[in-house]
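Colleague: Predicted model and sequence below, questions to follow.
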Amino acid sequence: NQPPHTDGEPPRKRVRFGAPSPDLKTDDKVTKEQLKDLKQQFDHAKKKEDEALQLRQKIFGSRIVSRTDVGDLGRDVKSLKRIFPCGGTMAVIVDDREDVWANAEVETKEAPHNLLLVKPYHWKPFLGFADVNNAAGVDLSEGNARKTDNGQHKDKADEKETDVQLRWTKEILRRVHHRYYSQDKSYPKSVPEILKQMRREIMRGCNIVLSGLVPLHKQESDYTGPRPSLVRYLENMGGRLRDSVTPIVSHVVAARDGSDKTKQARKTPGCFVVKTSWIMECYWSVQRQDENTHLLGDPPMRKPLIEASSQIMGINDRDDDDDDDD
């Protein structure tokens, strides 16, 4: 029965509790299927996350150290001793900056031998902007490149989107791994020693003159200051620096063409005149690169076969004697 109501008040609605009307049909089948599908997706994602976590633990373990973990060393200092207190003799460092590692070497002020220096990668959309973390390494191979109006380097090689550094790094690590585990266990060499040896084999027998790149007094063996980067790279790769162009000189690395040394090199059979990019690519790849892709001007005159053979044999003999002294 409806309760009585006074004038001006709306009638009250009656609310019934209990079983729904038989005419009202409800169906939650779609909802169940959606929940089931979402659960399967969640389980699959959880499985992948667990696999990724196990893989990270297997590869890196707890040996990931960020810049915030070593703040007391300074902003521009990195050291393996934070991860390997005993020295990290089985470790390889891959970085496009060597100054931060050299800063940790109090005595030599040079990067450790197990630092695998790689070519800095500058992503085009970020050119002209400061890195949020730290500045990228210096690319000395751009020394001969032409510059645009805004000061950026532009060369034909730079126009191509070719990045071979990852392939170089993979091959270097494979070679280091092979040498380390196939060596004589009686006289084992550490990873830094193996990388040092691999570099010394790159330019063995090369006599090199620098033109317009490093002052002569800084190329002398008795120079007391820190070795300039190009000098250090060449010497670490087994090359011999000469102060003038003679018949035994095999390469002239020049900042520009037309200098007295480059002119003399063009009169010397078998002497390549190359850009600094040749040195850097040899160092980044830890192997001898083709000079013809880094020529500064015309290719060299051919050297007589007999003269070239005897000269190479003489150079190798002298190198072997030097290695015995090491």
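Modeller: Nice, thanks for sending it over. What you see is a predicted model, and the numbers here were worked out from it, not measured in a lab.

Colleague: Put the alpha carbons of stretch 265-280 into PDB.
Modeller: Only the C-alpha atoms of stretch 265-280 are listed here, as PDB (Å, rounded to 0.1, in the frame of the first residue of the first chain):
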ATOM      1  CA  ALA A 265     106.600  12.600 -48.700                       C
ATOM      2  CA  ARG A 266     105.100  12.800 -52.200                       C
ATOM      3  CA  LYS A 267     108.700  12.500 -53.500                       C
ATOM      4  CA  THR A 268     109.300   9.400 -51.300                       C
ATOM      5  CA  PRO A 269     108.200   6.100 -52.800                       C
ATOM      6  CA  GLY A 270     105.800   4.200 -50.600                       C
ATOM      7  CA  CYS A 271     105.200   7.000 -48.200                       C
ATOM      8  CA  PHE A 272     101.500   7.600 -47.400                       C
ATOM      9  CA  VAL A 273     100.200  11.000 -46.600                       C
ATOM     10  CA  VAL A 274      97.100  10.400 -44.500                       C
ATOM     11  CA  LYS A 275      94.700  12.200 -42.200                       C
ATOM     12  CA  THR A 276      94.500  11.800 -38.400                       C
ATOM     13  CA  SER A 277      91.400   9.600 -38.900                       C
ATOM     14  CA  TRP A 278      93.800   6.800 -40.000                       C
ATOM     15  CA  ILE A 279      95.500   6.800 -36.600                       C
ATOM     16  CA  MET A 280      92.200   7.000 -34.700                       C
END
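
Colleague: What are the buried residues along that stretch?
Modeller: 265-266, 268, 270-280 (16 or more other CB atoms under 10 Å). For glycine as for every other residue, the C-beta is placed from the backbone atoms N, C-alpha and C.

Colleague: Please enumerate the helices of the protein.
Modeller: 29-59, 99-102, 165-182, 191-200, 229-236, 260-266, 276-285, 305-325 (DSSP state H).

Colleague: Let me know which of those helices is tucked in deepest.
Modeller: helix 276-285 (a mean of 23; mean count of other CB atoms under 10 Å).

Colleague: want to try TSV for the buried residues of stretch 265-280, with pLDDT and distance to Arg97 as columns?
Modeller: Below are those laid out as TSV (pLDDT from 0 to 100; distance: CB to CB, whole Å):
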residue	pLDDT	distance to Arg97
Ala265	96	33
Arg266	95	36
Thr268	95	37
Gly270	93	36
Cys271	96	33
Phe272	96	29
Val273	97	30
Val274	97	25
Lys275	96	22
Thr276	96	18
Ser277	95	19
Trp278	96	22
Ile279	97	18
Met280	96	14
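
Colleague: nearest to Lys39, of these?
Modeller: Met280 (54.4 Å; CB to CB).

Colleague: So the closest one sits against Asp139, correct?
Modeller: Yes - look at Met280 against Asp139 with CB atoms under 8 Å: they come within range, at 7.5 Å.

Colleague: so what's in contact with the two at the same time?
Modeller: Taking CB atoms under 8 Å, 6 or more residues apart in numbering as the criterion, Met280 and Asp139 both touch Lys119.

Colleague: Under the pLDDT cut-off, which ranges of the stretch 201-326 of the chain? List them.
Modeller: The stretch 201-326 of the chain contains residues with pLDDT under 70 at 305-326.

Colleague: can you rerun that using 90?
Modeller: The model of the stretch 201-326 of the chain has pLDDT under 90 over residues 221-226, 301-326.

Colleague: now swap in the stretch 1-150 of the chain and tell me
Modeller: Ranges of the stretch 1-150 of the chain meeting pLDDT under 90: 1-38, 50-89, 97-112, 120-150.

Colleague: Spell out the residue ranges of the strands in the stretch 1-150 of the chain.
Modeller: Secondary structure of the stretch 1-150 of the chain, counting by DSSP state E, counting those that start in this stretch: strands at 93-95, 115-117, 146-147.

Colleague: ok so, going back, so which of the buried residues of stretch 265-280 is the closest to Asn236?
Modeller: Distances from Asn236 to those, taken by CB to CB, are shortest for Ile279, at 10.8 Å.

Colleague: so who does that closest one touch?
Modeller: Here Ile279 is in contact with 140-141, 230, 233-234, 253 (criterion: CB under 8 Å, 6+ apart).

Colleague: repeat that with 7 Å
Modeller: By CB atoms under 7 Å, 6 or more residues apart in numbering, Ile279 lies in contact with 230, 233-234, 253.
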